[in-house]
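>>> I would like the atomic coordinates for the input below:
(one chain, ligands or ions: 1)
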Amino acid sequence: MKLVPGPASVELTNKVSSILGLRLTELEHRIFPDGESYFRYVDSVENENVVIFQSTHPPQDKHILQLCLLSSGAKDLGAKSVVVVIPYLAYAKQDRRFKEGEVVSIDVVLKILKQSGVDKILTVNIHAPWIIDRSPIPIENLDAVGTLASYILQMNLKNPMILAPGKKGEYMSATAAKVLNADYGVIRTKRNVNTGTVEIELEGIDVKDRDVVVIDDMISTGGTMVKSVSTLKSAGARRILVGCIHAIMVDDADKKILSSGADVIIATDAVPNKYAFVSIAGLLAECLRKL
Ligand code: R5P
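Numbering: from 1, shown residues only. Predicted coordinates for the structure are as follows:
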C-alpha cells in the first residue's frame, strides 16, 4: 500500500503512516506562479494500491482539483487501485435541489472523482449520509463521534447533558452520551434556504446548573453553534463545551462561539485547525489495515 500525502492533509497522513509503520510516498508538489498545481510521483506507483489523503476544506475547489490530478495521475502511471481518504467531503450540503434550477453539487463532485479514477472513498462523518446509496463510487463513512467523546471524558463534567443540533442530532448526542454515561437530547434547527440563517429550539430540555456538551458534525459559519450556545447560556447551563468533527470555522466562527459563552472548543484533525485536540488517525489506520 502506498500512502500519498495530498497538500491539504500532510500532517494527518504523517500520523497515519507512523501508526501503520509505512513510509510516505515521495511526491513533488509545486504551485506555478499563476496558481496552478504541479505534482510528480517521485516514487513509482505502478501496480500499487495507492491511498491518497486529501481533505476538501476551503479552498474546496482547489483541494478537489488537486485530488483529481493526484488520482488520475496515479492511474495513468499504472496504479492498481486508488482509494482516496477525504476526511471532510465538501459540497455534501448541496445534496438535493432545494430550489428549482439548482445544481446538485455533491453528485457532480462524485462523478468527477469517478472520472478521475477513484475506486473508493474513505470519509469521516459525511454531512449527508443518504448520498452514499446513490454514489457512483463506494463510500465508507467512519464515525469519529465516539473518539471525540472519549477525549471529553477526561474533562470532569458535572451532571452532564449532551446535545446535538439538526437531523443527525439524536444519533450524535446518543453516541457521545453512551461514552460519557450522560443524558442526551436534540436541539431542533430550522435553516432558511434563502438567507442561510438558523433558528433553534431547546424544546423544554433543562440544562440549569449542568455541564452541557454540544456536538455537531461541522462548524462552518458558526451560526448554529452561536445560537445554541447563547440559548443554553440563557437557560442557565454551567459550563458549555463545544465539540465538532470538522472545524471549518469561516469568518472567525470560533471567536464568535467563544464570545457567545462557550468555555472550550474541541475538534478533530479531519480538517487542520487550532482546536484539533483529537486525532482521527487511529480510526483511519484501523480501517486501512482492513483494506
Ligand atoms: C447541519 O446540518 C450541520 O450539522 C451543522 O449544524 C451546520 O452545517 C453548521 O453550519 P454553520 O456553522 O454555518 O451554522
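>>> Could you tell me how far stretch 29-48 lies from the centre of the chain?
25 Å (Cα atoms, centre = their mean, to the nearest Å).
>>> what about it, how long is it end to end?
In stretch 29-48, first residue to last residue: 20 Å (Cα to Cα, to the nearest Å).
>>> My read is that residue 75 contacts residue 117, right?
Yes: with contact defined as Cβ atoms under 8 Å, residue 75 reaches residue 117; the gap is 3.6 Å. C-beta: built from backbone N, CA, C; applies to glycine.
>>> Could you name every residue contacting both of these two?
Common neighbours of residue 75 and residue 117 (criterion: Cβ atoms under 8 Å, 6 or more residues apart in numbering): residue 82.
>>> Tell me, how many residues neighbour residue 20?
Residues lying near residue 20 (other Cβ atoms under 10 Å) number 17.
>>> which residue sits closest to it in space, ignoring its chain neighbours?
Sequence neighbours aside, residue 285 is the residue nearest to residue 20 in space, at 5.2 Å (criterion: Cβ to Cβ, 6 or more residues apart in numbering).
>>> Just name whatever secondary elements the helix or strand where the one you found lies is in contact with.
Residue 285 belongs to helix 281-290 when assigned by DSSP states H and E. With contacts defined as 3 or more Cβ pairs under 8 Å, 6 or more residues apart in numbering; DSSP states H and E, the packing partners of helix 281-290 are helix 10-20, strand 81-86, strand 120-124, strand 139-142.
>>> and the ones you listed, which is most packed in?
strand 81-86 (a mean of 24; mean count of other Cβ atoms under 10 Å).
>>> if we can go back for a sec, what does the helix holding residue 285 rub up against?
For helix 281-290, the surrounding residues in contact (Cβ under 8 Å, 6+ apart) are 1, 12, 15-16, 19-20, 51, 83, 85, 87, 122, 124, 140, 142, 144, 147, 269.
>>> Could you give the average pLDDT over it?
Averaging pLDDT along helix 281-290 gives 97.
>>> So which bits of that helix are buried?
Going by neighbour count (16 or more other Cβ atoms under 10 Å), the buried part of helix 281-290 is 281, 283-285, 287-288.
>>> what angle separates it from strand 120-124?
160 degrees (axes from the mean of the first three to the mean of the last three Cα atoms, to 10 degrees).
>>> what separates residue 210 from the ligand, distance-wise?
Separation of residue 210 from the ligand (Cβ to the nearest ligand atom, to the nearest Å): 22 Å.
>>> ignore the last one, residue 253
From residue 253 to the ligand the distance is 6 Å (Cβ to the nearest ligand atom).
>>> ditto for residue 225
From residue 225 to the ligand the distance is 6 Å (Cβ to the nearest ligand atom).
>>> Likewise for residue 122?
20 Å.
>>> my read: that residue touches residue 84, true?
Yes: using Cβ under 8 Å, residue 122 makes contact with residue 84 at a distance of 7.1 Å.
>>> just the helices in this protein please.
Counting by DSSP state H, residue ranges of the helices within the chain are 10-20, 60-76, 105-115, 145-152, 169-180, 223-234, 253-259, 281-290.
>>> now the angle between strand 81-86 and the longest one, please.
What that stands for is helix 60-76. 160 degrees.
>>> Can you tell me which helices and strands helix 60-76 packs against?
If contacts are counted by 3+ Cβ pairs under 8 Å, 6+ apart, helix 60-76 sits against strand 37-41, strand 49-53, strand 81-86, helix 105-115.
>>> which parts of the helix or strand bottoming out on mean pLDDT in the chain are buried?
Ranked by mean pLDDT, DSSP states H and E, the weakest helix or strand in the chain is strand 198-201, scoring a mean of 84. Judged by neighbour count (16+ other Cβ under 10 Å), strand 198-201 contains these buried residues: 198, 200.
>>> per-residue pLDDT, residue 166?
Confidence for residue 166, expressed as pLDDT, is 85.
>>> how much space between the closest residue in space to it that isn't next to it in sequence and residue 252?
Spatial nearest neighbour of residue 166, excluding adjacent residues (Cβ to Cβ, 6+ apart): residue 189 at 4.7 Å. Distance, residue 189 to residue 252, by Cβ to Cβ, to the nearest Å: 21 Å.
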